[in-house]
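In: sequence and predicted model, in that order:
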There are 2 protein chains.
Amino acid sequence: MADDAARTTPPASVTGRVLSILSVFEQSLAPRSLTEISAETGLALSTTHRLVGELEEWGALQRDPNGRYQIGLRLWELGQHAGRQVREIARPLLQDLYSLTQRTVHIAIRENSEALYIDRVYGTRRVPQASRVGGRLPLHATAVGKVLLAFDEPWVCDAILAQPLESRTPHTHVDPVALRKELALVVERGYAIAVEEVREGSASIAVPIFQRTGGIGAALGLVAERGEADSLEWHLPAMRGIARRIEASVGAFPLRSLGIRPTNARP
Amino acid sequence: MADDAARTTPPASVTGRVLSILSVFEQSLAPRSLTEISAETGLALSTTHRLVGELEEWGALQRDPNGRYQIGLRLWELGQHAGRQVREIARPLLQDLYSLTQRTVHIAIRENSEALYIDRVYGTRRVPQASRVGGRLPLHATAVGKVLLAFDEPWVCDAILAQPLESRTPHTHVDPVALRKELALVVERGYAIAVEEVREGSASIAVPIFQRTGGIGAALGLVAERGEADSLEWHLPAMRGIARRIEASVGAFPLRSLGIRPTNARP
DNA sequence: CTCGTCACTTCCGGTGAGCGGAAGCATAGT
DNA sequence: ACTATGCTTCCGCTCACCGGAAGTGACGAG
């Protein structure tokens, strides 16, 4: 497992090689030595050395005191531009929702076949949770994911449910037929719930955020402890109020992915 | 001004060209057309086309409905890794500080000769402010910047004060001699204040966050309206308490820049 | 102190990936 | 219909890139 994800494709173009070096750091945030990067990308050591050197000089990577590499500040700064407007508008509203409910709240969009968490507000008293900002979770196992699926175009939902559904805990709903019914209910009621489907001990509820141009743009979620699962709906009025305010402030969600890459795996 | 920052150096290496394309998006977050990118980097249109195409395919850039390019989600995700640990630990504590004070609070580090804002918590009732997460401001004109300068190694301070100091508002302190005295006072008192030095209408106060390994790691700041300038010190006990807790939780600030690139501008 | 090991860094000549001029397409405006 | 503008594709020449190999330096065992 340590070296099969590696060694995949030593890409032909220089650009591809540079990007494959960056990809190394997507899998885990642990700093890597030059040799590790070389091994994981399949590039020759001297090639890796040169490319990594250029990346470091620019600020895309930086070295820790041991000489190991990690993602650099300049890349972080650059990344902040992506969807900055959305986060700047949504953040204070998430903040208000947190103040009202004293629960972890977050906002997620669909990116291909996963839910991508784009922002979150939480205090020190926090519930065990699986998601993190910039992280992804399966659509079918999270409250935000169910909302994103239920309100998106039907073909998206079809495409997701056609694939085998990962089971993160014994409580994860993985039966496509049952899920389809559940999603219909989500549309009817206007919210989704997931109890311990992605992590034991936590439950969540989510409502849709629509775009002015039509269609769903994002989902607003709230996380609570397992014991509160039956009272999650109490938070709905606050959540819906905030969702409406986000809709009113954000014109469009520039972040939203353009669609699922159709499974064009041709043999 | 629109085309002198451009056209600088069409860099020799492919890696450099790729990075110069990314750099285009550092200056403003506005989406660019292919032609604009080509013009701003000085690369030939067909070259730009190919490189941008690879970047888009990977997810470093994405196209809006008009076909224009902006920073892509994958780059944002990747950037989240940089200093993720620090932000994950500090965020809930910032959150607590916000709850206590009901004021915008933020955390910044020194990156070369500027203060870089790495996180912030604020509500809808906000004060006019210049900084944003991922953004930079001059060290000498902000409360966090003064703290970062005052508690850092002396040569850093010397280097900064040796350069001409930008005046953002009529209230900005730009006299090196006076600033040096001010910084001495900051060390003595353990906090810094800046009133309308970077933006009219807002005042801020900041305290240092030290690293376990010694030396200053970051600064914790609080922003209030001009009218509150005389009562900023009231927030000090809360700020110091939170700063101590951040120090206790964060081993080291991996984000911290290694130093000022010495002005080795050789003619 | 010496030697071996390991990880990184530098060098350099052959070669294929990249460059960019130019031609081919769309789309929009007159 | 014609022009203008901006994007995409093509292709042969060439120069920047590749990677084996040699050099460096830090560490640790003997």
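Out: Cool, the structure landed.

In: A:Leu93 sits in which helix or strand?
Out: helix A:84-101 (DSSP states H and E).

In: what about dumping the CA coordinates of the next helix or strand after that helix to PDB?
Out: The helix or strand immediately downstream of helix A:84-101 is strand A:104-111, counting by DSSP H and E. Taking only C-alpha atoms (Å, rounded to 0.1, in the frame of the first residue of the first chain), the coordinates of strand A:104-111 have been written out as PDB:
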ATOM      1  CA  THR A 104     -20.500  23.000  14.700                       C
ATOM      2  CA  VAL A 105     -21.900  24.300  11.400                       C
ATOM      3  CA  HIS A 106     -20.500  23.900   7.900                       C
ATOM      4  CA  ILE A 107     -21.100  24.500   4.300                       C
ATOM      5  CA  ALA A 108     -20.400  22.100   1.500                       C
ATOM      6  CA  ILE A 109     -20.700  21.800  -2.300                       C
ATOM      7  CA  ARG A 110     -20.800  18.800  -4.600                       C
ATOM      8  CA  GLU A 111     -17.500  18.200  -6.400                       C
END
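
In: list the neighbouring strands of strand A:104-111 plus their orientation.
Out: Neighbouring strands of strand A:104-111 in its sheet, by DSSP bridges, are strand A:114-121 (antiparallel), strand A:216-225 (antiparallel).

In: note down every partner strand of whichever helix or strand comes after the shortest one and its orientation.
Out: Read it as strand A:114-121. Toward the C-terminal end, the helix or strand that comes next after strand A:114-121 (DSSP H and E) is strand A:136-138. Each strand pairing with strand A:136-138, determined using DSSP bridges, is listed with its direction: strand A:114-121 (antiparallel).

In: the strand it pairs with: which residues count as buried?
Out: A:Glu114, A:Ala115, A:Leu116, A:Tyr117, A:Ile118, A:Asp119, A:Arg120, A:Val121 (16 or more other CB atoms under 10 Å in any protein chain shown). (Glycine included, C-beta is placed from N, CA and C.)

In: give the rounded mean pLDDT of that strand.
Out: The average of the pLDDT scores along strand A:114-121 is 92.

In: how far is that strand from where the chain is centred?
Out: Taking CA atoms, centre = their mean, to the nearest Å, the mean C-alpha location of strand A:114-121 is offset from the chain mean by 5 Å.

In: between the strands paired with strand A:104-111, which one is closest to DNA strand C.
Out: With distances scored as CB to the nearest atom of the strand, the stretch of the strands paired with strand A:104-111 nearest to DNA strand C is strand A:216-225 (24.7 Å).

In: give me every residue that touches the residue most central in space within chain A.
Out: If you average the C-alpha coordinates of chain A and look for the closest C-alpha using CA atoms, centre = their mean, you land on A:Leu116, 1.9 Å from that point. Taking CB atoms under 8 Å, 6 or more residues apart in numbering or on different chains as the contact definition, A:Leu116 lies against A:Ala108, A:Ile109, A:Arg110, A:Gly134, A:Gly135, A:Arg136, A:Leu255, B:Leu73, B:Glu77.

In: now do 6 Å
Out: A:Ile109, A:Arg136 (CB atoms under 6 Å, 6 or more residues apart in numbering or on different chains).

In: for B:Gln80, see how far away it is.
Out: Here the criterion is CB to CB, to the nearest Å. By it, A:Leu116 lies 11 Å from B:Gln80.

In: now the helix holding A:Leu93: buried residues?
Out: Neighbour counts using 16+ other CB under 10 Å place A:84-87, A:90-99, A:101 of helix A:84-101 among the buried residues.

In: so what secondary structure elements neighbour it?
Out: The elements that helix A:84-101 packs onto, with contact taken as 3 or more CB pairs under 6 Å, 6 or more residues apart in numbering or on different chains; DSSP states H and E, are strand A:104-111, strand A:114-121, helix A:236-249.

In: and it with strand B:114-121, angle?
Out: Going by axes from the mean of the first three to the mean of the last three CA atoms, to 10 degrees, helix A:84-101 is angled at 40 degrees with respect to strand B:114-121.

In: next, the angle helix A:236-249 makes with helix A:84-101.
Out: Calculated by the same axes, to 10 degrees, helix A:84-101 forms an angle of 160 degrees with helix A:236-249.

In: A:His173 and B:Arg74, how far apart?
Out: In terms of CB to CB, A:His173 sits 29 Å off from B:Arg74.

In: looking only at neighbour counts, state which of these two leads.
Out: The residue with more neighbours, out of A:His173 and B:Arg74, is B:Arg74; 21 against 16, by other CB atoms under 10 Å in any protein chain shown.

In: I'd say the more buried one and B:Leu61 touch.
Out: No: B:Arg74 lies out of contact with B:Leu61 (CB atoms under 6 Å); the separation is 9.2 Å.

In: can you count the residues close to whatever residue of the stretch 101-250 of chain A ends up closest to DNA strand C?
Out: The stretch 101-250 of chain A approaches DNA strand C most closely through A:Thr213 (17.6 Å), counting by CB to the nearest atom of the strand. Neighbours of A:Thr213 under the rule other CB under 10 Å: 10.

In: what helix or strand is A:Gly145 on?
Out: The secondary structure element spanning A:Gly145 is helix A:143-151 (assigned by DSSP H and E).

In: quick one: contacts of that helix?
Out: Outside helix A:143-151, the residues that touch it by CB under 6 Å, 6+ apart are A:108, A:110, A:115, A:139, A:157, A:183, A:186-187, A:192-194, A:204-206, A:208, A:216, A:219, A:221.

In: phi, psi of A:Ala60?
Out: Main-chain dihedrals, A:Ala60, degrees, to the nearest 10: phi -70, psi -30.

In: neighbours of the nearest residue to it once chain neighbours are set aside, just the number please.
Out: Residue nearest to A:Ala60 in three dimensions, not counting chain neighbours: A:Leu75, with 4.8 Å by CB to CB, 6 or more residues apart in numbering or on different chains. Other residues lying near A:Leu75 total 25 when counted by other CB under 10 Å.

In: repeat for A:Ser46
Out: A:Ser46 has 9 neighbouring residues, counting by other CB under 10 Å.

In: would you map out the domains in chain A?
Out: Structural domains assigned to chain A are A:14-79, A:82-249, following automatic domain parsing.

In: now A:Gln62: which helix or strand?
Out: In the assignment (DSSP H and E), A:Gln62 maps to strand A:61-63.
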